[in-house]
Structure formats: structure tokens, C-alpha cells
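**Student:** the following comprises the amino acid sequence and a computationally predicted model.
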There are 2 protein chains.
Amino acid sequence: MEEHSTRNTAGAQDTAGTQETSGTQGTAGTQSTAGTQDTAGTQETSGTQGTASAQGTAGTQDTAGTQETSGTRGSLGRVVCILTGASRGFGYSLALELCSRVSPGSEILLVSRTEDAMRCLAEELGRKCPGVRALWQAADLGTQEGVAKVKEAAQELQGCHAAEKLIIVNNAGSLGDIRKSFVDFTDPEEVNKYFSFNVTSAMCLTASLLRAVPSRPGLQRAVVNVSSLAALKPQKSWTLYCSGKAARDMMFQVLATEEPDIRVLNYAPGPLDNEMQRQVRTETADPDIRRLFGEMKEKGQLVECGVSARKMIDLLVADSYQSGAHVDFFD
Amino acid sequence: MEEHSTRNTAGAQDTAGTQETSGTQGTAGTQSTAGTQDTAGTQETSGTQGTASAQGTAGTQDTAGTQETSGTRGSLGRVVCILTGASRGFGYSLALELCSRVSPGSEILLVSRTEDAMRCLAEELGRKCPGVRALWQAADLGTQEGVAKVKEAAQELQGCHAAEKLIIVNNAGSLGDIRKSFVDFTDPEEVNKYFSFNVTSAMCLTASLLRAVPSRPGLQRAVVNVSSLAALKPQKSWTLYCSGKAARDMMFQVLATEEPDIRVLNYAPGPLDNEMQRQVRTETADPDIRRLFGEMKEKGQLVECGVSARKMIDLLVADSYQSGAHVDFFD
């Protein structure tokens, strides 16, 4: 295993310190879309209310050799990754899986609204993958300010010049109000907020990051959209979720068509055993869907986040998917 | 032909007067999304700047028998229709075709931002189809106020209790800035405005109208989404257009799934010979697309709006499409 060390800009602490480089700046208001954001219903609110512009880095250590990496299942090499919706569920598992399969010197920028969860995750990454520098940025991607904050935070990534891969993972997403049917969506503000968080932020953040890290020899740039079967198949009670996922799939297909040197993957992770699924089972207006997913849960047919995350990283490592394709966990 | 007469609430004038029932109220600000709205680039601005809440009715006459109807190509019966993007292009043609194929006593509510054009259209409808009562509502569907205005205006429709069909046609749409590629969309405000006009308004207006005109025996409710091949197939330089159309197709598929008694049609009208196509030929960033559509124009391969409008009304009359299906002009 290659030995490598990185230090974060604020000086590394032993075993992945929780030191924040910038502290918590500002408290720029609480967000009105709170309840439906990130990947589930039960909102974790961190100590810093509003978590406006808290940004931190989990320092990494000079020690090497303790990192679970690459080896057995194939490595992504030296990576710079930006991952949204990182604080829990599939995003949390993705962060762990990805960081265990990169070369030392890699960096990951975690993004979500919940700072405490990201700090814990960054600490865990620091312990398990000490060759990886983990930064986090608390941001509400449903707002322009949130998108801008992540763009700024990405400037702190130091490994872009030496990285073999830039990986942008658009994982953040919400179900919308699944207690409603199509005919209940009479309020433009609710719908606009949904699309702002679920579609606009993914488009604008991806575009901004691709501009910030331009093409160069030796660098492969990959963009992942965490999609869903709902992008292809209409589901009762999921008006916003289905149409948002369809819009995302399509816009990333356009990106793939326009930029042949960028690898684009629309990955549907399967019916995950996570908080969002609990919401599906309990809140979906349509009783058939509630029953269907309830039975899948009972029968143990839901997919563990870690298993699906591994499949996704396998796809990125193998790098044989058609750019722009929609690939399902079950494919 | 059945003889029938209607009068508008303000008293009918001979040969479809241009009388406005409510005059032009307010001037609620100019809209910043102006350039990209409605179905093309060259924005017609009516005399009343902002056209905030100008609402009018083109009175219909007691005379009967001059209406070109139904007969030869099949009639839709007695219809109440709400049509967005009605002032020109495909919407204009649709209004003419639809009104020529309904029974007397039918009503149409025209919606667009350009009041003058709608007044002219309403006059034309009054002359050609005197059994049809034509109302219009100037509104910017990119705003919540615009959506609310149309909901209010729909309350003026008197024929709902006697109609055999309610037809909601979501035709309004814009290309977005096709001079840009995906990586150029770094501004959330621009993207949010696009989705607000192209997706949110169609969802919220349709939902509101379906709630305002509930199911009853003898009434068939139909919802049409004017879609595009771009909803299915990614096109370079059309990030917003493709993803917006994909979102629309999907949300109307969800509606079809949820409401089996509502007929839902995603109709792709083909490459129309209209202003939007001129914009496509001249503004699309990708040179291949500009060339492709330029050649189609030269070779006379673009579809006349009236021809495609007829095909769409034929589909509604035949009523044999699968609800929620995407049907192309060339199908």
C-alpha cells in the first residue's frame, strides 16, 4: 500500500480531529423547506441552528497503513469527490465506501444541511481512511446561497491538480409531500421549492464544479446522479419525486451528449432500507404502494445502503457503463 | 347543425366584439423572464405593459349556422377548454382547430402573456365559430400571481355544468437559453424561473382546474401536455427544454396513473414551422442541431402548426390513446 500523508489547512489532529477551519459563520435564517429536505423526513438539526456556513475539515494523520482501501474490489485511484446528501442513508454509505476505495491523497467534500452528522462522518472517515482528507460544508441546496456556499467550499479542495478522478455525486434529494396526489399540488411555491432543491441545485452545482475543475490530461471527470426507478416509471402519490427524478435523468443525459469526455452515470440505487423508505411505507397516500414497500421491508427485500453503494463504486471503478445511461442496482 | 347561442356576461356584440369585461387592472410589474417566455423569442408586448390582470371575453352572437364545426372530421361535442400559450404558434392553431370542432355552447379560455394577440384571436374565433364563447386572460404563468389569475378567470366559465368535455391544454412553454450548454447553467435563479414557468405552472394550474371542475356523470375530463421528442431524447444545447419536458411528461403520467377517469395525453406536435423553430435554427449553441433544423426548413419538412393541431384534436375525438401515453405527431 502506498504510504501517503495529507494535512488539512488548519493542521491535522490525531485520529481525525473535529477541528473546524472556519467555525460556524452566520446564522442566515432557518429554512422554510426544512421538513422535506435531504433524504428523509425526520430532520436532524445540528447544534448550530440554520447551519448557514459552517465549514470544516476533518484532519488526516501522517500515519498510514490503517486505511481500508482499494485492494480487493478495485480502487478509484487518487480522487477528489464532492458528495451531496452525505449526512445519512445512502450518502453516508457512499462516503464510507468511496473513501475506502481511493488512493491516499484523495479528498472528499461532504455536503448536507446537518453539520453534526457530517462532523461525525468526517471523523469516522478520518479513522478508517486516514489517507483521505475529508471536508464538509453545511448548506441548504434548496437556496441559491446554499449552492454558492458549496462552490466556495470546493475551492478549498487542494488535490484537484494531482487527482486522477473528479467525482461529483448528486445524491441529495427529497420525496416531496407523498401524502398528496397530483391534484393536491395547487401551490406553486411548494412545487418551486421542490424543484429548486432537487433539480436546480444538482444542475447548477454540477455545472459550477465542472467549470472550477476543467479538463486536463490525466484527469477523468465523472458525474453521478443518484436516480430512481421513479425517473422511468410513474408511481401514484409521487408526483414531485417522479418528475424531479425524470428531469434529473434527462439533464444529465444532455450533459453526457454534450461532453463526451465527461463520464455521466444515472444510478438508481434500488429500494434502500433507509429513512426515506420508512417515509415511503408510512406516508405514501396510495395504499398499494405503502403495502408493497411494507411487505418488502418485512421480507427483507430492501437493499442495504452499503450494498448498493458498493455496487455504485464498482460501476465507477469498472468504468464500462455508457455515459448518460440509467443503471439500476438490479441491472 | 344544432343551433345554439351564448352571450358573454358583458353582453354580446355583433361579430364577436372585443369588449373586455374587466378592463386592464393593475400593472403588476414587468417580468424579468420576459425574453424566454411563451413559445418563442421575439416577445410581443401588448399595449398594456405587464398585462397583469387584463381579462376579456369575445362575445358570441345569436346567429348560428356560420360556425365551421364538427361535421367532417368529428366533433368533440360541447366543450369547456382552457388553453395556455394561446397567442401564437401551435396554441393559436389549436384554438382555431378546437373551436371549429366543438358544439355550440362551448367555451374556451385563452391564456398567454400577450393580451392584444389574444384579443385578435378571440375576435377571429368569434367570426369563425360564433357558437363558441371565447374568453382570455393575460397572465405570466412563471409567477404565482399569473397562475392565480388563470384560476380566477376559469371561474367565469359558465358552461362547465353542461359540458360533455373539460379539456385542459398545457401548451405554454419556452426553450430556455439554448445558446448555453449544461455547464453554463450555474445560476439557480435562471433555472428556477425556467421550471417555474414550464413545469410548476402546468402542474398547479392543471391541479387547480381539475379541483374546480370535479368529476360528474356525463363529463369527460381530459388533460393535454404539449410535449416534445425532447422529453424522450436528449439534445445538445437544450438542457432546460429537455429536462422540463421530461418532468412534464412524467408528472402527467403520474396523473394518469392516479386518476383513471381522467384522460391524459402527452402530445409531441413534431418539428413545427413556428417562431420557436426559428429560434432553434438560429440560436442553438450546437451547430449540428442548427444545421439539421435549417435543412428541414429549407426542404419544407417542418410541420405546419395547423396540421399538427388537427392531428391532436383528431386524437382527442377518437379518444383511443392510452391515458398518460406520449404520442408523437409522426406516430
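**Tutor:** That came through fine.

**Student:** state the phi and psi torsions of the residue lying closest to residue A:140 once chain neighbours are set aside.
**Tutor:** The shortest distance from residue A:140 to any non-neighbouring residue, by Cβ to Cβ, 6 or more residues apart in numbering or on different chains, is to residue A:146 (4.1 Å). Heads up, the C-betas are built off the backbone N, CA and C, glycines and all. Main-chain torsions, residue A:146, degrees, to the nearest 10: phi -60, psi -40.

**Student:** swap in residue A:169?
**Tutor:** phi -110, psi 110.

**Student:** list the contacts for it?
**Tutor:** Shown in contact with residue A:169 (Cβ atoms under 8 Å, 6 or more residues apart in numbering or on different chains): A:81, A:82, A:83, A:84, A:91, A:94, A:98, A:224, A:226.

**Student:** from those, which ones fall inside strands?
**Tutor:** A:81, A:82, A:83, A:84, A:224, A:226 (DSSP state E).

**Student:** how about those in JSON lines, adding neighbour count, distance to chain B and pLDDT?
**Tutor:** What follows is the ones in strands among the contacts of residue A:169, written out as JSON lines (neighbours: other Cβ atoms under 10 Å in any protein chain shown; distance: Cβ to the nearest Cβ, whole Å; pLDDT from 0 to 100):
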{"residue": "A:81", "neighbour count": "28", "distance to chain B": "19", "pLDDT": "98"}
{"residue": "A:82", "neighbour count": "28", "distance to chain B": "15", "pLDDT": "98"}
{"residue": "A:83", "neighbour count": "26", "distance to chain B": "19", "pLDDT": "98"}
{"residue": "A:84", "neighbour count": "26", "distance to chain B": "14", "pLDDT": "98"}
{"residue": "A:224", "neighbour count": "24", "distance to chain B": "15", "pLDDT": "98"}
{"residue": "A:226", "neighbour count": "26", "distance to chain B": "16", "pLDDT": "98"}
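
**Student:** make CSV out of the contacts of residue A:169 and add distance to residue A:285.
**Tutor:** Output for the contacts of residue A:169, formatted as CSV (distance: Cβ to Cβ, whole Å):
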residue, distance to residue A:285
A:81, 36
A:82, 35
A:83, 31
A:84, 28
A:91, 26
A:94, 30
A:98, 35
A:224, 30
A:226, 24
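
**Student:** out of those residues, which is nearest to residue A:164?
**Tutor:** residue A:81 (11.8 Å; Cβ to Cβ).

**Student:** residue A:111 is in contact with that closest one, correct?
**Tutor:** No - the criterion here is Cβ atoms under 8 Å, and residue A:81 misses it with residue A:111 at 10.7 Å.

**Student:** mind listing the strands for the stretch 51-200 of chain A?
**Tutor:** A:55-58, A:79-84, A:107-112, A:133-138, A:165-170 (DSSP state E, counting those that start in this stretch).

**Student:** nearest to residue A:278, out of these?
**Tutor:** Distance to residue A:278, taken as Cβ to Cβ, is lowest for strand A:107-112 among these, at 18.2 Å.

**Student:** what's next to stretch A:285-304, contact-wise?
**Tutor:** A:178-181, A:235-238, A:269-273, A:277, A:280-282, A:284, A:329, B:258.

**Student:** before we move on, what about stretch A:194-205?
**Tutor:** A:33, A:36-37, A:82, A:84, A:140-143, A:146-147, A:150-151, A:168, A:170, A:172-174, A:176, A:225, A:240, A:244-245, A:247-248, A:251, B:182, B:185-188, B:191-192, B:195-196, B:199-200, B:239, B:243, B:247.

**Student:** what's the burial count for residue A:287?
**Tutor:** Other residues near residue A:287 come to 11 when the count uses other Cβ atoms under 10 Å in any protein chain shown.

**Student:** and whichever helix in chain A runs longest, is it in reach of chain B?
**Tutor:** When chain A is parsed with DSSP state H, its longest helix is helix A:239-258. Yes - against chain B, helix A:239-258 shows contacts by Cβ under 8 Å from any Cβ of the partner chain at A:239, A:242-251, A:253-258.

**Student:** could you give the angle of that helix to helix B:239-258?
**Tutor:** 140 degrees (axes from the mean of the first three to the mean of the last three Cα atoms, to 10 degrees).

**Student:** partners of the following helix or strand past helix A:239-258, with directions?
**Tutor:** Counting by DSSP states H and E, the element after helix A:239-258 in chain order, helix or strand, is strand A:262-268. Take DSSP bridges as the rule and strand A:262-268 pairs in its sheet with strand A:220-226 (parallel), strand A:326-328 (parallel).

**Student:** what are the buried residues along strand A:262-268?
**Tutor:** A:262, A:263, A:264, A:265, A:266, A:267, A:268 (16 or more other Cβ atoms under 10 Å in any protein chain shown).

**Student:** okay, the residues you listed in JSON lines with pLDDT next?
**Tutor:** Below are the buried residues of strand A:262-268 laid out as JSON lines (pLDDT from 0 to 100):
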{"residue": "A:262", "pLDDT": "98"}
{"residue": "A:263", "pLDDT": "98"}
{"residue": "A:264", "pLDDT": "98"}
{"residue": "A:265", "pLDDT": "98"}
{"residue": "A:266", "pLDDT": "98"}
{"residue": "A:267", "pLDDT": "98"}
{"residue": "A:268", "pLDDT": "98"}
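
**Student:** show me the two of these that sit farthest apart.
**Tutor:** The most distant members of the buried residues of strand A:262-268, if one measures by Cβ to Cβ, are A:262 and A:268, lying 19.8 Å apart.

**Student:** could you give the average pLDDT over the longest helix of chain A?
**Tutor:** In this model, helix A:239-258 carries a mean pLDDT of 98.

**Student:** go on, stretch A:90-102?
**Tutor:** 98.

**Student:** cool, stretch A:281-301 as well?
**Tutor:** 96.

**Student:** which non-adjacent residue is nearest residue A:112?
**Tutor:** Leaving aside its sequence neighbours, residue A:112 sits nearest to residue A:87 (Cβ to Cβ, 6+ apart; 3.7 Å).

**Student:** now the phi/psi pair for the one you found, please.
**Tutor:** Backbone geometry at residue A:87, expressed as degrees, to the nearest 10, gives phi -80, psi -20.

**Student:** quick one: it and residue A:122 touch, right?
**Tutor:** No - with contact defined as Cβ under 8 Å, residue A:87 does not reach residue A:122; the gap is 10.5 Å.

**Student:** what do those two both touch?
**Tutor:** Common neighbours of residue A:87 and residue A:122 (Cβ under 8 Å, 6+ apart) are residue A:110.

**Student:** give me the pLDDT value at the residue in chain A sticking out farthest from the centre.
**Tutor:** Taking Cα atoms, centre = their mean, the residue of chain A most remote from its mean C-alpha position is residue A:183, at 31.0 Å. Looking at residue A:183, its pLDDT stands at 98.

**Student:** and it, how far from residue B:231?
**Tutor:** Going from residue A:183 to residue B:231 by Cβ to Cβ, to the nearest Å gives 22 Å.

**Student:** what's the burial count for residue A:217?
**Tutor:** 4.

**Student:** mind checking the SS state of it?
**Tutor:** The three-state assignment at residue A:217 reads coil, by DSSP: H, G, I helix; E, B strand; the rest coil.

**Student:** return the residues of the stretch 51-200 of chain A in contact with chain B.
**Tutor:** Within the stretch 51-200 of chain A, the residues that sit near chain B (Cβ under 8 Å from any Cβ) are A:144, A:147, A:181-189, A:191-192, A:195-196, A:199-200.

**Student:** kindly give a single PyMOL line that selects the buried subset of those.
**Tutor:** Restricted to buried positions by 16+ other Cβ under 10 Å, the PyMOL selection for these reads:
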select buried, chain A and resi 144+147+181+182+183+185+186+188+191+192+195+196+199+200
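
**Student:** in helices only, show me the residues of the stretch 51-200 of chain A next to chain B.
**Tutor:** A:144, A:147, A:188, A:189, A:191, A:192, A:195.
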